[in-house]
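J.: give the three-dimensional model of this entry:
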Amino acid sequence: MNVYLTQTGNHFDVAVSGNVDTQTAPEFINAVEPLRVLKNGSICIDCQRMEYISSTGLRAFVILLKTAKTNNTTLVIKNLVPTVKELFDITGFSHIFSIE
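T.: This is a model prediction of the structure:
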């Protein structure tokens, strides 16, 4: 798994590739740690190259979402591949996250 952060002002783009699972979720959380203090900004997570997400990976996304909401920051997930989108749908996370 790889996570790339790009900043433009108070907006962050996050590109995730590979698997976000039990082994890599802690790496994801560490990579996005700087975003947990972002206030009144926006975060866009591009999942075009993410191949799989486990329940632990979903939990990592929820942690970031909760922090973002607390800090009045918007979080959008885009470009979910069909297999990952299906996991978001099955778990009901499609209704929790803003997905484009």
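J.: backbone dihedrals for Met50, please?
T.: When read as degrees, to the nearest 10, the backbone of Met50 gives phi -80, psi 130.
J.: got the contact list for the nearest residue to it once chain neighbours are set aside?
T.: Spatial nearest neighbour of Met50, excluding adjacent residues (C-beta to C-beta, 6 or more residues apart in numbering): Val16 at 4.7 Å. (Glycine included, C-beta is placed from N, CA and C.) Listed by C-beta atoms under 8 Å, 6 or more residues apart in numbering, the contact partners of Val16 are 1-3, 28, 45-47, 49-50.
J.: surely Val16 forms part of a strand?
T.: Yes: counting by DSSP: H, G, I helix; E, B strand; the rest coil, Val16 is located in a strand.
J.: what about it, distance to Ile53?
T.: Noted for Val16: a distance of 9 Å to Ile53, by C-beta to C-beta, to the nearest Å.
J.: before we move on, what about Leu87?
T.: 6 Å.
J.: higher neighbour count, these two?
T.: Counted by other C-beta atoms under 10 Å, Leu87 and Ile53 do not tie: Ile53 has more neighbours, with 28 against 17.
J.: the more buried one pairs with what?
T.: Counting by DSSP bridges, Ile53 is bridged to Val20.
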